[in-house]
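1. 3D model of this:
(one chain, ligands or ions: 1)
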Amino acid sequence: MGWEENVRKVTPYVPGEQPGDKKVIKLNTNECPYPPAPGIRKLAESFDYNRLRLYPDTEAKKLSDALCAYYHIRQEQLFIGIGSDDVLAMAFLTFFHSGKPILFPDITYSFYDVWADLFRIPYRQNKLDEKFCIVKEDYMAENGGIVIPNPNAPTGVLERVDVIEEIVAANPDSVVIIDEAYVDFGGESCLRLIGQYENLLVVQTFSKSRAMAGLRIGFAMGSPKLIHYLKDAKFSFNSYTMNMLSVELGAEAVRDVAYFKDTVKKIVDTRERVKKELLGMGFVFPDSRGNFIFAAHPDVPAKRLFEELKGRGIYVRYWEKPRIDNYLRITIGTDEEMDILISNLRSIMENKPE
Ligand code: PMP
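-> Next up, the predicted model:
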């Protein structure tokens, strides 16, 4: 059919599976295993449903007030969107318009190339070194923009802020996006650099450390100029992106600092314990600073582990892609879930049926 020639054809991102079966141990999409802050439940229960007749606040003021107070930034340095996927997509659309290739690592969040293709942005993927670290010189070549996740996903590798700063400083003609989806689990944020570098955009999310993947809240922090351009693009697309409940409940999540810190600490403690267990079993992995571990075993193919775990109702993430096709990305769940994972890995590797 002739019309089909004029369709914007895209190969979509493939998210991790969301099984309907509640009995599954779900360690495949880096969600938080603990519930969101307790105050959120109270707020949700007392929410006046009659308010849903009205359009929500286009500025998401309650949520932006809470975020500005927490991160010590001004409203004009903050942009809020429907999860960081929405924020990142909007940033690609807004800032990567030069026609020159944008740069990001070869092993990274698999949505970057999808957005680049969707928006017809050329890109080049710089090879991570053998330790899965970025080679900073690769980001000093001419480019139309840069995206670096820090810590990286799916490797969990954290780059130092001074390395990122060198890249930002070397690229005054490009916007540099640092995707900090996992920074709360032991990374150092680049937020402190936004006052100094007009071209730096720091993106974070409520989906991991704040246990609210289902509500869809993400945000970007940067210079007032960057934020202004982002908002212009967003308000040319859809003014009412943030729904009322996300704004109210998200603000409460930010206010409960003690709960947030406690949740993050529990996950980090579990992660460090699981690292030791996996090492003892012969797994190798880069030192993760995320809420996941990217592990390979020299003797047992990751694909086999992935499939056998799945058969036992334990979901982890596996990609059949160059350089990473012998790795499993294992999200950190509760201690109990991780114990079940480990005992199942042991029994699979010993080839014994459970
Ligand atoms: N960036 C990275 C590196 C991620 O792993 C994810 C989670 N899939 C996101 C961004 C998007 O998360 P969300 O849209 O839930 O904020």
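2. so which bits of this protein are right by the ligand?
-> Gly83, Ser84, Asp85, Tyr109, Pro149, Ala153, Asp179, Ala181, Thr205, Ser207, Ala213, Gly218 (C-beta under 6 Å from any ligand atom). C-betas here are computed from N, CA, C, even on glycine.
3. and the fourth one, what's its pLDDT?
-> Listed pLDDT for Tyr109 reads 97.
4. repeat for the second one
-> For Ser84, the pLDDT comes out at 98.
5. that one touches Leu201, doesn't it?
-> No: look at Ser84 against Leu201 with C-beta atoms under 8 Å: they stay out of range, at 11.2 Å.
6. higher neighbour count, these two?
-> More neighbours surround Leu201 than the other of Ser84 and Leu201, with 28 against 25 (other C-beta atoms under 10 Å).
7. name the element that one belongs to?
-> Leu201 is located in strand 200-205, with elements delineated by DSSP states H and E.
8. what's the following helix or strand past that strand packed up against?
-> Once the chain leaves strand 200-205, the next helix or strand it forms, by DSSP H and E, is strand 218-222. Contacts defined by 3 or more C-beta pairs under 8 Å, 6 or more residues apart in numbering; DSSP states H and E place strand 218-222 against strand 78-81, helix 83-95, strand 200-205, helix 224-234.
9. give me the angle between the strand holding Leu201 and helix 224-234.
-> Following axes from the mean of the first three to the mean of the last three C-alpha atoms, to 10 degrees, one obtains 60 degrees for the angle between strand 200-205 and helix 224-234.
10. how far does strand 200-205 sit from the chain's center?
-> On the basis of C-alpha atoms, centre = their mean, to the nearest Å, strand 200-205 sits 10 Å off its chain's mean C-alpha point.
11. and what of stretch 254-264?
-> Averaged over its C-alpha atoms, stretch 254-264 has a centre that lies 19 Å from its chain's centre (C-alpha atoms, centre = their mean).
12. in it, which residues are buried?
-> Buried residues in stretch 254-264, counted by 16 or more other C-beta atoms under 10 Å: Val254, Asp256, Tyr259, Phe260, Thr263, Val264.
13. which of the helices and strands packed on strand 218-222 sits most buried?
-> Of all the helices and strands packed on strand 218-222, strand 200-205 has the most neighbours on average by mean count of other C-beta atoms under 10 Å, namely a mean of 26.
14. which residues of this protein score low on pLDDT?
-> In the predicted model of the chain, residues 352-354 satisfy pLDDT under 70.
15. next SSE downstream of the longest helix along the chain?
-> Secondary structure assigned by DSSP state H gives helix 257-280 as the longest helix of the chain. Moving toward the C-terminus from helix 257-280, the next helix or strand (DSSP H and E) is strand 292-296.
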